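In: Sequence first, predicted coordinates after that:
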Amino acid sequence: MLNANAPIGVMDAGLGGFTVVRELQKLLPREDIVYLGEGKYQPYGNRSEAEILHLTRQILTFLRGCGVKVVAVACNTISTLIEQYQPDFDFRIFSIVQAGADDVARLKPSEVGVLSTMFTAKTGQYARLIREKLPQTKVYAQGCPWLARIIEDGDFDQARIDTELRSTLGTLAAAHPSLSSLVLGCTHFPLVAENIRRLYPQFTQLINPAASQALMVRDYLEREKALRSDGSGSLRICTTSDPQVYRRMAGIVGLEKISSVELVPAPVPLTGQG
């Protein structure tokens, strides 16, 4: 039986998962949250499957040590591999890719673009999950090698952001001029949604899976009778990167009730990797 007073864990390869924390705080204000942003080895989307799994299992082990009752994997890249690491842990883990695919299924577009990291695009997971419910929907994947890294730097260099969007999303927009629905398939990307709207107004429907993932967590805890019945909620932010960047970005995103922002040891990379 789950301990209702245990915290909710949220993990991401960086600070993009703050968008999920924001939704959880809106939906579940009494819950304590432990966030781990593994920024040292970001972007995960440019790494191999073996590297990603090796690092992910260490992040989840850290959260297990924090006594979490459930974990929301706010990283799309890591979520594509959930079937390989969920069996190693005795708490429920929620994939943001599944949340995004469910959002598309509810909207029922005839075609949809997915802007993501290179790894997420290559796995084809979004297309597979979307077509399970909408077999006729056309899914166009577009990988961005450096957009998450640029956002992770925390300075929101507009020129760099726009250049990366033009070289990636611009390709998708040019190839499919009638395409209007776009999944923001990396939790960093909602932070530059205004850039996307400004550069490519054809995308009138930007799909941010963060809210749906928060609902998945809420519904599960409700079924398990593991929602916290009292308390005012708190947020502990842990990072393997720069705590000052994370503290500043938490304020920009609008996170509340922050109890601490702390540097924690980074995972040990695979031998020969870094």
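Out: Sure, I can see it. Residues are numbered from 1 along each chain as shown.

In: residues in contact with the helix or strand of the chain with the lowest mean pLDDT?
Out: Across the helices and strands of the chain, mean pLDDT, DSSP states H and E gives its lowest value to helix 147-152, namely a mean of 91. If you take CB atoms under 8 Å, 6 or more residues apart in numbering as the criterion, helix 147-152 is touched by 13-16, 39, 42-43, 45, 117, 157, 160-161, 164-165, 168, 186, 188-189, 191-192, 241. In this view, the C-beta of every residue, glycine as well, is placed from N, C-alpha and C.

In: same thing but 6 Å
Out: 14, 42-43, 160-161, 164, 186, 188, 191 (CB atoms under 6 Å, 6 or more residues apart in numbering).

In: And stretch 253-272, by the same measure?
Out: Residues contacting stretch 253-272 (CB under 6 Å, 6+ apart): 18, 21-22, 25, 40, 51, 54-55, 58, 233-238, 240, 243, 246-247.

In: and it, which residues are buried?
Out: 255, 258, 261, 266-267 (16 or more other CB atoms under 10 Å).

In: Equivalent analysis for stretch 202-220, please.
Out: 203, 206-214, 216-218, 220.

In: What is the nearest of the residues you listed to V104?
Out: I207 (6.5 Å; CB to CB).

In: which residues touch the closest one?
Out: Here I207 is in contact with 103, 183 (CB under 6 Å, 6+ apart).

In: How about Y44?
Out: Listed by CB under 6 Å, 6+ apart, the contact set of Y44 reads 13, 52, 77.

In: about what we covered before: which of the contacts of stretch 253-272 fall within strands?
Out: 234-238 (DSSP state E).

In: what distance separates the start and the end of stretch 127-140?
Out: 8 Å (CA to CA, to the nearest Å).

In: no, scratch that, I was asking about stretch 83-101
Out: 16 Å.

In: Contacts for that stretch next, please.
Out: 56-57, 60, 70-74, 76, 79-80, 82, 125, 129-130, 183, 209, 212-213, 216-217.

In: Rounded mean pLDDT for that stretch, please.
Out: Mean per-residue pLDDT for stretch 83-101: 97.

In: That one: how far from the chain's middle?
Out: Between the centre of stretch 83-101 and the centre of its chain there are 12 Å (CA atoms, centre = their mean, to the nearest Å).

In: List the buried residues for that stretch?
Out: Here stretch 83-101 shows 85-86, 91-101 as buried, counting by 16+ other CB under 10 Å.

In: Which of those fall within helices?
Out: 85, 96-101 (DSSP state H).

In: Report the buried members of the contacts of stretch 253-272.
Out: 18, 21-22, 25, 40, 51, 54-55, 233-238, 240, 243, 246.

In: roughly how far apart are the residue lying closest to S180 once chain neighbours are set aside and S48?
Out: Excluding its sequence neighbours, the residue lying closest to S180 (CB to CB, 6 or more residues apart in numbering) is T204, at 4.9 Å. In this view, T204 and S48 are 36 Å apart by CB to CB, to the nearest Å.

In: picking that back up, K138: which of the contacts of helix 147-152 is nearest?
Out: Distance to K138 across the contacts of helix 147-152 (CB to CB) is lowest for C186, with 20.8 Å.

In: Spit out the contact partners of the closest one.
Out: 76, 116-117, 148.

In: Next one, pLDDT for the residue nearest to the spatial centre of the chain please.
Out: Central residue of the chain (CA atoms, centre = their mean): A74, 2.8 Å from the mean position. Looking at A74, its pLDDT stands at 97.

In: Could you verify my assumption that D12 touches A74?
Out: Yes - the criterion here is CB atoms under 6 Å, and D12 meets it with A74 at 4.2 Å.
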